[in-house]
Structure formats: structure tokens, C-alpha cells
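**Q** heads up, no residue letters with this:
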């Protein structure tokens, strides 16, 4: 009896000891310390910012990941800032913050507006911050950019035009839908297309501009198709307009007979291509753009390559056809 | 320091130690937690401080641009100083997650200061338009700073999310720890107190029980207390006391026994002296008269009567003086013969007396008047009531260390009860008449004289006579008897 009691008490003691010490261990041995890093080591890195108007689109995600990878490799710190859905006000604000924050370099999606140009040309230059445009270019004279990294938009236009000729033949009517902001890179594309098509007088081109809200795109498309019922092909110079345009075409008739072309810098176009609604699309190399832009920026900052090639560093483009994609 | 006191001190010290340990730990822990909380709060406050300072700067700048007075300029300078201070303080908030943002943040502050300065410069150069432009830029930067503060706070929350959750978990764990600790300490203290109190009360309890036994009169139980304090000392002393008392009691008992014996001896003596005194009424007159009668009988030619009277006188003289001192067996036998002559004269042919005496052992010491009362007893019981009379055999035989005296008769015998009464020295109601000294008196005196119990045996049964056997040691075991004064 006595032995049982002693055993029981001993057991109880052991259990209580165990729980008390386990609890005490948890209370006193947790990682209390606030993580701190030495300020010196971090401060020396180049601080770069990649700013885009279209965050969270597949194209710009790729640019971002390419840039990040390169930044990590070169020991620079890089942040991707930007606005969603081409919110220009927010985008410009981000650029201004970047300039005011005195980052070492800004890699930016070019925006062919006065505000953008004034920011890059005056304010960034005032603070001596180098700017590299990526994917979409703004002429150096307007933006004082160090260089451009991205596709040759003129060439892209030519490739589309050539593809169009192959698919449609040397006769027909083509609607070129661009947006009304007349951004430099779209002009380049248009130039490329026109450059090819001007040699084929039988191909009639109808150039039209539209504001980039969805309603306007739909209205413009409607209007164009009313005017030219015999249209054979469409080229959406601004990829963001392709989806609305195709939807409007689809409402009036079947989409398939038309040859429709666009570019890949919008999140809908790849999907449209897979559905077969888009006949062809220029595919660019966003990751390469990110990588090269960062690497060039660091080279310029460290003085390895001064000056950079003002004409730009062009990345690969290729024609992606609906038949390949599916 | 005495032992029980030390035990109590130990208990108090243990409790105190536990309390101090817990207090110290909790205080330390509390201190640490407070520091952590302060650090965290400090971080947020510092960031907020920057926002406030930047807004203040803008307000001050605005005021100054509106009305460029020295007071406003001072105010502006002060707020600029404040924002620089805030910038330095923000520097320590850097960690790997907010490194980039924090650098931007600090540069933004720099930009704000620069733009403010620029605005002031333009103002002093009267270029109002440029100044206003710089001011609007400063305002924008201030707004960016506010935004950045929010971003930083957001990052802060994300970075320290796990940390904050850890704090919450820890505080709940602390509560649990408190409960466990309370249980553990309660149990331990209970056990310790139980053990401790037992170590004091158990010896006391044992001692109490021992005392109870002693008070009941049991002095033979040993008192044992296994402890190392005063109680054990007390128990040892108590045990010694018990042993002493035990010894004293047995001593007293011995003394009481001795005294008892002495008392009985005295009583016997007094009894016999009383009787002798009663029968001493002018004995010389009686002796002389008997002698005269004996001579007269002799002169008148009655020789037998003369001898008888002489025997009576001798017997009477002997019995008056020999009661309280030892005599030799020889004297006893002589008296016995005289007595038998008297009885023979009385009973004539009815009494047969056969004596078989070993003369060599008549030197043995024996209390006076021991044989005569026994023989008298035999005559009274075996011869007197019988019409045909009876026979008495008397023999003295030598043994190794004892002399055996046998007195046998052929009377009706004695009952077992009577024998027992006699041997246990009860006073027996005497039947008929005797010279006065009872059988039990003889037994008693014999036993006292030799200091042993087995000097007398009685063999009897109804109808087959009585045989009294005395076994007299040749050397006496008890000399005290002799020392009694001679009252002869």
C-alpha cells in the first residue's frame, strides 16, 4: 500500500516536473531577438528599381524574375515597383518616388507622355540617376535614357506584316488598330508594318486610333467593320486592345475567317492565341530583357561599359502562330 | 542550534529559496519582455515620428513662404533639425527585409530637406515661381514619406509577424507555466512538509506511547526512537529512567519479601512465647510439686508413679525453655521418649511404640519441640480415638547429606485437603487436646530453620495411616534462627 502511494507520488512528481520544464523551456528559449543586419554591408549594394505600368501580368512577371535573378547574381538589390492596369498616375508617382529616394538606377517601362519625359529628362537627370527603358522604348532625345533593352519593335512590325502577307495573300484590307496615345513603341511597330505593306499596293491598310478603354475599343471596332465590311485582317498594335476587338468581331460574325495579329505584352493575348482566335502573335523575350537591363545598369554604374549603346540592346522576337500554340 | 529548530529553518529556507527563484526568474523575464515591447513600440513610434516631422516641415515651410519672418524661419529650422534627428533614429531600424525601403525612406527625407532648402533659396532670390514649384515638390515628397511610412509599417508587420505571434504564444505559455509551477510547488511542499512534520511527530508519538506503557506499569519494553534530534535524546533519557525504575522496583520487591519473612518469624515467635508464658504460671512451683509427688510416690513404694511424675516434670521443663533455640536431635529424641513413657502410662496396652534410631546421627541440629508435636498428633489421631489402640513407628536413618526421620501411625489417615493445608502452613483447627504447639507451627519453623521448603513430606490416605517424613539437612542453610535471643 505504502509502496503504491510512494510510486504514485513519484510518478506525479515526474509528470509535473516534465510539464513544468517543457513549459519553461518554451517560455524562455524562444527566438526573442529581433532580426537585425549590419547596416554597412547592405548599404554598398546598388539599389535598382524596375518600374512597370502592368504589374502582375505574365509578361512583366517574366521581366521581373529575369531582372531579379540577374540582380542577385551581381549582388545588387532590386525592387519591382509599378502600377496595375496601366495606371499612369500611379506609375509616374512611383518613378518620382524612385528619383526622390535616390536609387542608383531606374529600369522603366517606357511611357511616351510628357510627364514621363519631364521626369526622366529633368528630374532624374537633376539627381543624376541613370534610366534604362525596357520593353517599351522612348526616344533618347525625349527621355535622356541611357539605353533601351527590349525587342526591336520596328522588326516586330515587319514580321507581323510578312506573316500577314503569307496568310492573307497580297491582296486585301487590313485594319491597324492602335491606341490614341501614340506611344513610341507602337509607332515603331506601325512603321515596321507600313514599311512592308507599302510595297504591296493591293493591300489596303486602314489605320485607326482608339482610346484604350474597353468601350472605346469596342466602338471603334464596330465603326471600322461597319465602314469596311470586306475587311480581311486585323492587327492590334496595342496588345491590350486585342481582346476587346476580337470579342466585338466575334459578336458580328465568326472570328476564324479573319486574320488577326497582335503582340504578347498583354495577359490576354496568349490565351486568345491558344483559343485560335488570334492567328499570330509576336513573342518577345521578357526574361532576357530583365536580365540584360540589370546587367547593363550595373555595368554602367560600375563604369565598365560607358557609355552604353544608345541605340539599344535588342532581344529576340519570334512569330508565334495559332497552329504552334495549340 | 538545536535540531528541531534547524529542521524548521531548513523548511523555511527551502520555501524562501523557491520563492526567490521564481521571483527572480519572473522579474528577469518581465524585464526582457518589457524591453522587447519597448523596442517594438519604439520602431513604430520612430517611423511615425518621421511622418510627423516631415509634415511639420512642410507646414513650417508653407508658413514661411506665406510670411517670411524670422520666427517662421526659426520654426522651419527647428522642424528641419527634428526631421534630421528622426532620420538618424530611423537608421537603427534597418534589417534585411526593409533594407531597400529604408534606404529609400532616408533618401526621401534627404530629398525633402534638399527641396525645402531649394525652395528657401529660390525664395531668397525672389524667384517666386521656382520656389512655389519646389514647395509643391516638397509637399509631394512629404506625401511620399507618409506613404513610405505606411509601406514600412506594413513590411514591419510582415517581417515580425512570426515574432509577434511568438510573443502571444509565449504569454499564453507563461500562463500555463504558472499553473504547472503552482501544481509542482504545491505537491513538493506538501510532500516536504509531510516528511518534515513526520520526522518531528513520529518520535513524539513513540515517546507518548512509551510513556503510556510505563504508566500502565510495563517497565520491560525498550524505548527506541530513531531520529537525530532532541526527541531521541529525550527517549534515551526516558529509557534510562525506565531501567532505573525497573531496578528499584525489583529491589523493593526483594526487600518486601525479606521483611515479610521476618515479620512472620516474629509472629511465630511471639505466638510460641505467648503460649509458653501462659503455661509458665509459676513453673518452678509446678516442678517442685511434681518432684515432691515423685519422691512421695517413691517413698510409698509406687515406683512407677514416681517415674511417670519425673517424666512429666522433665517434659514440662524442656517444653518451657527449648522452644526458640536449636537443640540436637539427641535432646529431641530424649524428650520424645519421656513423652512416650507418659503416654504409655496413659494408654497401657493400646499404644504400641516402635523406635528404630540410628545413634550416629543424633548430633544434627534441629529446632526445639519439633518431633514431640508430630508424635503427639499421631497419638491424638491414631491411638486415642481407637478402642483397640494403635501403633506408632519412629525411625531415624542416615542419608548422604540428610537425616531422614519418619513418624508413621496406623490411624485413619488424613485427607488430601488437610495435608495441603498443613504443608501450606495454614493454621489448622486443632481437634481435641495437645500440648499447644500445632502441626503447622512445626512445619513453619522447620522451613524457616533450614531455609528450604522440602524438609517435610506427608504420605497419607484415608484408612491407611499417616507417614510424616522429615529430611533434615546435616548442615543448616539458614543461620538466622539461631540469633534469636534465648528466652529459656
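**A** Looks like it arrived, so ask away. All figures in this text were calculated on a predicted structure; none of them were measured in a lab.
**Q** Only C-alpha atoms from now on, for both contacts and neighbour counts.
**A** Will do.
**Q** Please name the nearest non-neighbouring residue to residue B:55.
**A** residue B:142 (6.3 Å; CA to CA, 6 or more residues apart in numbering or on different chains).
**Q** For the one you found, pull up the helix or strand it's in.
**A** Element membership for residue B:142 (DSSP states H and E) is helix B:128-159.
**Q** helices and strands around the helix or strand just after that helix, which ones?
**A** For helix B:128-159, the following helix or strand on the C-terminal side (DSSP H and E) is helix B:161-215. The contact analysis (3 or more CA pairs under 8 Å, 6 or more residues apart in numbering or on different chains; DSSP states H and E) places helix B:161-215 against helix A:2-28, helix B:3-66, helix B:230-278.
**Q** tell me the angle helix B:161-215 makes with helix A:2-28.
**A** Here helix B:161-215 runs at an angle of 150 degrees relative to helix A:2-28 (axes from the mean of the first three to the mean of the last three CA atoms, to 10 degrees).
**Q** ok, which stretches of the stretch 51-200 of chain A are helices?
**A** Here the stretch 51-200 of chain A has its helices, by DSSP state H, counting those that start in this stretch, at A:58-74, A:88-100, A:114-118, A:125-127, A:140-143, A:153-168, A:184-197.
**Q** closest one to chain B among those helices?
**A** helix A:88-100 (5.4 Å; CA to the nearest CA).
**Q** Would you indicate which residues of the closest one are buried?
**A** Of all the residues in helix A:88-100, those buried under the rule 16 or more other CA atoms under 10 Å in any protein chain shown are A:88, A:91-100.
**Q** Domain map for the chain?
**A** Using chain A here. Using automatic domain parsing, the domain parsing of chain A gives A:44-151+A:286-315, A:153-283+A:321-325.
**Q** my bad, the chain I had in mind was chain B
**A** Using automatic domain parsing, the domain parsing of chain B gives B:3-159, B:348-483.
**Q** Dump these to JSON lines, plus mean neighbour count.
**A** Formatted as JSON lines, the domains of chain B follow (neighbours: other CA atoms under 10 Å in any protein chain shown):
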{"stretch": "domain B:3-159", "mean neighbour count": "18"}
{"stretch": "domain B:348-483", "mean neighbour count": "17"}
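**Q** Least reliable of those domains by average pLDDT, please.
**A** Mean pLDDT is lowest for domain B:348-483 out of these, coming in at a mean of 80.
**Q** hang on, the earlier thing: now do the helix holding residue B:142 and helix A:88-100, the angle between them.
**A** 90 degrees.
**Q** list the helices and strands helix B:128-159 packs on?
**A** Contact partners of helix B:128-159 among helices and strands, from 3+ CA pairs under 8 Å, 6+ apart: helix A:88-100, helix B:3-66, helix B:99-124.
**Q** For residue B:263, find the nearest of the ones you listed.
**A** helix B:3-66 (54.8 Å; CA to CA).
**Q** Name the helix or strand for the nearest residue to residue A:67 once chain neighbours are set aside, please.
**A** For residue A:67, ignoring the flanking residues on the chain, the nearest one in space by CA to CA, 6+ apart is residue A:290 at 4.0 Å. Secondary-structure element containing residue A:290, defined by DSSP H and E: helix A:286-301.
**Q** just how off-centre is the very next helix or strand once past that helix within its chain?
**A** Moving toward the C-terminus from helix A:286-301, the next helix or strand (DSSP H and E) is strand A:313-315. Mean-position distance between strand A:313-315 and its chain equals 15 Å (CA atoms, centre = their mean, to the nearest Å).
**Q** Ramachandran angles for the spatially closest residue to residue B:395 that is not a sequence neighbour?
**A** Residue nearest to residue B:395 in three dimensions, not counting chain neighbours: residue B:356, with 4.5 Å by CA to CA, 6+ apart. Main-chain torsions, residue B:356, degrees, to the nearest 10: phi -130, psi 100.
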